[in-house]
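In: task: produce atomic coordinates for the following.
(chains A and B)
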Amino acid sequence: MLLQATGISKIYPGVTALDRIDFDLKAGEVHVLFGENGAGKSTMIGILSGLRSPDSGSLAVNDRPVRNLDPQKAREMGIAAVFQEFSLVPSLSVLDNIFLGREITRFGRIDRRAMARRARVVLDELGYDIPLHAMVAGLSRAHMQMVEIAKALIVDACVLILDEPTASLTDSEADQLLAVVHRLRERGVGIIYVSHRLREIRALADRITVLRSGTLVGTITGVDATEERLVEMMTGRKIDALFPEMRHRPKEVGLAVEGLSLADGRLTDIALTVRRGEAVGIAGLVGCGKSEVGRAVFGVERLSAGRVTVGGRAVRPRSPRQMLREGLCYFPSDRNAEGLALERPIVESCSMAALDLPHLGGSGWLRRSAENARVAEAMKRLALRPPAITAPVASLSGGNRQKVMLGRGLLRDLDVYIFDEPTVGIDVGAKVEVYRFIADLVEAGAAVLIISSELPEILALSNRIYVMHEGRIVRELEGKDATEANVLTGFFGREERAHAPAAHAAGAVEVRAWA
Amino acid sequence: MGVSRGALAAPMDTGILRVALRIGVAPILIVVLVGAMALVEPRFFSRLNIINILRNFSFLSMIAIGQMLVMIVGGFDMCVGAVMALASVSGAMTMGAALVAFPDLPVWLVCLAGVMVALGVGTLAGLVNGLLVIGLRISPFMGTLGMMSALGGLALFFTRGVPITTVPREFVSDLGRGMWLGLPLIVWIVAGVILLAWWVMEQTAGGRHLYAAGGNPQAARASGIASGRVVTSAYMASGLLAAGAGILMTARVGSGQPILGSTAAIESIAAAVLGGVSLRGGIGRVTRVVTAALFLAILSNVLNLARVDSKWQTLILGIAVILAVLIELKASRRSDNE
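Out: Numbering: from 1, shown residues only, chains lettered A, B, ... in the order given. Coordinates of the predicted model:
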């Protein structure tokens, strides 16, 4: 056995990331690690590559037990990894990054020419054309991904770990990578492949191990892996039970955006409408600008042009404070960095955005009892577990943290709700509750905009879908057209804009070029 | 090929700002300053004045390089001045004690012993800084600020605040005032140090690792680099360089000075920032920092020639630092948007 992990556990404050996981890898096989976001895949490969140390369990490489694995030891033993969060140094060149930690030197001096020769060999095999002397900071995400892959392949690895390596590649770039993976497998390299793209899993997998919320669901062979089986293993229930029934009843326009562009060029000419009583989705690859739409409308990003109307009133988004008062709320994707005060009690994080209301703190005095009562009510509705609202947010799991943030939406009267990656990093149980929450809002007549990289989520919850590519809306899909295939083609900007989305709101104010 | 965002990004502004971002503001400012002096102040170009500038430049560029190393790994070294003082004092005291204890020892050996003790003290101080920052996870600013007070106190305690005058005469005449090929020996020594620093940072794997540890610590770790050790060695190098500057200063003034280097921290940070070192780590080049140090040395000389009060000079230095940080901010926003 090339690599064997037995009884691996990892506990973070408030979350069991991994619970007694067994995993093994043979020479010359592709072993896919499959599971939802937050299932523990990243933690698992972090442990196998020495980046994180397990709290219990044992590792063996080539049938020899290994203690205290660290990245350096892992590399010496021939374990190479391509991580999802890039392990590149932006201020160094491509070449320096590829050879980082294993520079070729002559008499103490870095031998750039020898390094460039070897790098060319690897890049040619991959068929990637990247300027070796460019700074990594200036590369696109796809190019960074390619550098990352080249960096792992520069050594003759016996174990190669690939963490969603194709996430930001086009299909043809991904195909080249898959061909290389095939060749490496024939050479006897063991490959751990993390992905939730079924196309790749079908093309590659010899075995598939499924994780769910940090527990091992099971290991199946590639031949037995049907889509239904995998999804069922991944979610622990039939997929239709995961999503609530959405009853969209589109009424008047709740949010309308027209001609919106950002000062730094990340968004160009965005136009969309969300009606009361419907949920609208924005889909697109990482970095396509879908988050920025929510942020721009909420007044976090600097607009260069655009008209925004909320509930029929024309507004110029300048700050979140102002947009909240206009009745629009945005739930950021990075809860820990942008949403919550981790060390403070739950009640404070939840009421933070509503303290200007007269019945909570608008008079200058905080009304603690009213605050507690409103937050407790909101947390009850969202089924926070445990329901102790005085505990610090940091003590909660990802799903419960999300509930605290969503609770903010219940403390004010709002017309428009924007969810940015509402279920990233939370467990299935909490997902169901978040979806239920969204469905209830829609039913109650709110306008809901869902920005998500989880395609099933977008497909199941949305009445209409906008697809974004490179900062523009490239497609608008509705009804029968809203299929996975149609959304995916839009991801790569293949299709020209289907038709100009209609957004007509009376009295919209022209706000071109205010900075 | 995937469509690259970088390729779509707008080209940089034209004009002075673009040049400034590429080569740094310091060379432009030097040209402006020297040009102005050519018009109004012939004394500026006298041999003695130029030697004076070079000497001050030498002391400053030495601590500025140390400061740059620490800033590249994402830190600060606030205690360079205190290290200079402690090195100066301990070197001078060692020489004095050696002269008394072994009167027959050749003078060069006495001096060498003093220099080694001074450099050792500086390196040790750097090691402590590194351990505070890496081992105990104290923020670099606070850790080295605390060390600044502690080491400064130590220097005052050993000397009771009085300069140590037991330095051998030859140490001053041969090293401090020595000349070689028409330039002070000190300038030659520092030139060697600059060359060595440039070689390490630009040509060796160690230099790469320093940039990596500051540019993206997680990436450095994932690449098998012992980033803790790299960061600690940057602090040790800074301590060593500050001690070197301290001992050269001792040779220059002829006594161990417990109050040396009171403005060393701000001046070295000014040189580093003017030289384009990023406050966020990962970016900084020896050539540019040394050029910035040269500019600051010329600026202070020009202000002296123009009889500007030293209090005003401190004010001008402060404004220069703030302007340099503003330019750096603009540059980093630009690269974030790409």
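In: give me the residue from the stretch 51-200 of chain B nearest chain A.
Out: The nearest approach of the stretch 51-200 of chain B to chain A comes at residue B:199, 8.1 Å away (Cβ to the nearest Cβ). All C-beta atoms are positioned from the backbone trio N, CA, C, and that covers glycine.
In: can I assume that residue sits in a helix?
Out: Yes. Residue B:199: assigned to a helix according to DSSP: H, G, I helix; E, B strand; the rest coil.
In: number of nearby residues for it?
Out: Residues lying near residue B:199 (other Cβ atoms under 10 Å in any protein chain shown) number 14.
In: what comes up buried for stretch B:261-270?
Out: For stretch B:261-270, a neighbour-count test (16 or more other Cβ atoms under 10 Å in any protein chain shown) marks B:261, B:264-270 as buried.
In: chain center to it, what's the gap?
Out: Mean C-alpha position of stretch B:261-270 versus that of the full chain (Cα atoms, centre = their mean, to the nearest Å) differs by 8 Å.
In: alpha carbons of that stretch, as PDB, please.
Out: Output of stretch B:261-270 as PDB, limited to C-alpha atoms (Å, rounded to 0.1, in the frame of the first residue of the first chain):
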ATOM      1  CA  GLY B 261      20.900  55.400  17.300                       C
ATOM      2  CA  SER B 262      17.900  57.200  18.800                       C
ATOM      3  CA  THR B 263      16.500  57.900  15.300                       C
ATOM      4  CA  ALA B 264      17.800  54.700  13.700                       C
ATOM      5  CA  ALA B 265      14.400  52.900  13.600                       C
ATOM      6  CA  ILE B 266      12.500  55.700  11.900                       C
ATOM      7  CA  GLU B 267      15.400  56.500   9.500                       C
ATOM      8  CA  SER B 268      15.800  52.800   8.500                       C
ATOM      9  CA  ILE B 269      12.100  52.300   8.000                       C
ATOM     10  CA  ALA B 270      12.000  55.500   6.000                       C
END
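In: returning to what we had before: now the buried residues of stretch B:261-270 as TSV including pLDDT, distance to chain A and secondary structure?
Out: Shown next, in TSV, are those (pLDDT from 0 to 100; distance: Cβ to the nearest Cβ, whole Å; DSSP: H, G, I helix; E, B strand; the rest coil):
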residue	pLDDT	distance to chain A	secondary structure
B:261	88	30	coil
B:264	93	27	helix
B:265	93	24	helix
B:266	91	25	helix
B:267	92	25	helix
B:268	95	21	helix
B:269	93	19	helix
B:270	91	22	helix
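In: okay, those in TSV with distance to residue A:25 next?
Out: Shown next, in TSV, are the buried residues of stretch B:261-270 (distance: Cβ to Cβ, whole Å):
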residue	distance to residue A:25
B:261	57
B:264	55
B:265	52
B:266	55
B:267	56
B:268	51
B:269	50
B:270	54
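In: before we move on, the earlier item: where's the residue of the stretch 51-200 of chain B closest to chain A relative to residue B:301, distance?
Out: 29 Å (Cβ to Cβ, to the nearest Å).
In: please apply the same query to residue A:206.
Out: 73 Å.
In: next: residue B:323.
Out: Residue B:323 is 20 Å from residue B:301, by Cβ to Cβ.
In: neighbour-wise, which of these two wins?
Out: Taking other Cβ under 10 Å, residue B:323 and residue B:301 do not tie; residue B:301 has more neighbours (19 against 13).
In: so where is chain B shaky, pLDDT-wise?
Out: Residue ranges of chain B with pLDDT under 70: B:1-23, B:331-338.
In: at 80 instead, please
Out: Residue ranges of chain B with pLDDT under 80: B:1-25, B:324, B:327-338.
In: hey, where'd the strands end up in it?
Out: B:179-180, B:183-184 (DSSP state E).
In: count the neighbours of residue A:367 for me.
Out: There are 17 residues near residue A:367, going by other Cβ under 10 Å.
In: right, and it touches residue A:359 too?
Out: Yes. Between residue A:367 and residue A:359 a contact is recorded at 6.6 Å, counting by Cβ atoms under 8 Å.
In: about what we covered before: redo the strands of chain B as TSV? Include distance to chain A and mean neighbour count.
Out: Output for the strands of chain B, formatted as TSV (distance: least, Cβ to the nearest Cβ, whole Å; neighbours: other Cβ atoms under 10 Å in any protein chain shown):
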stretch	distance to chain A	mean neighbour count
strand B:179-180	28	12
strand B:183-184	29	18
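In: of these, which is nearest residue A:12?
Out: Closest to residue A:12 of these is strand B:183-184 (Cβ to Cβ; 59.2 Å).
In: list of residues touching that closest one?
Out: B:51, B:54-55, B:58, B:177-178 (Cβ atoms under 8 Å, 6 or more residues apart in numbering or on different chains).
In: 6 Å - rerun?
Out: Contact partners of strand B:183-184, identified using Cβ atoms under 6 Å, 6 or more residues apart in numbering or on different chains, comprise residue B:55.
In: that strand pairs with which strands?
Out: Applying DSSP bridges, strand B:183-184 is found paired with strand B:179-180 (antiparallel).
In: distance from the strand it pairs with to the middle of the chain?
Out: 23 Å.
In: try stretch B:307-327
Out: That offset, for stretch B:307-327, works out to 18 Å (Cα atoms, centre = their mean).
In: stretch A:298-309 now?
Out: Using Cα atoms, centre = their mean, the offset of stretch A:298-309 from its chain centre is 24 Å.
In: what is the neighbour count of the closest residue to residue B:171 other than its chain neighbours?
Out: Take residue B:171 and drop its neighbours on the chain: the residue closest to it by Cβ to Cβ, 6 or more residues apart in numbering or on different chains is residue B:111, 4.8 Å away. When counting by other Cβ under 10 Å, one arrives at 23 neighbours for residue B:111.
In: what of residue A:174?
Out: Residue A:174 - counted by other Cβ under 10 Å - has 20 other residues nearby.
In: can you list the low-confidence ranges for the stretch 301-450 of chain A?
Out: Short version for the stretch 301-450 of chain A, where the test is pLDDT under 80: A:336-338, A:358-359, A:361-364, A:385-387, A:395-399, A:424-430.
In: residue contacts, residue A:198?
Out: Residue A:198 neighbours (Cβ under 6 Å, 6+ apart): residue A:227.
In: repeat that with 10 Å
Out: A:34, A:225-227, A:230-231 (Cβ atoms under 10 Å, 6 or more residues apart in numbering or on different chains).
In: of those, buried ones?
Out: For those, buried by 16+ other Cβ under 10 Å: A:34, A:225, A:230-231.
In: right, and the helix or strand after the lowest-mean-pLDDT helix or strand in chain A?
Out: When the helices and strands of chain A are compared on mean pLDDT, DSSP states H and E, helix A:239-242 comes out lowest with a mean of 62. Next along the chain after helix A:239-242, taking DSSP states H and E as the criterion, comes strand A:253-262.
In: so does the next helix or strand along the chain from that next one get close to chain B?
Out: As assigned by DSSP H and E, the chain's next helix or strand after strand A:253-262 is strand A:270-275. No. Using Cβ under 10 Å from any Cβ of the partner chain, strand A:270-275 never reaches chain B; the gap is at least 16.5 Å.
In: same deal with stretch A:113-123?
Out: No. Interface with chain B: stretch A:113-123 contributes nothing (Cβ under 10 Å from any Cβ), its closest point being 10.7 Å away.
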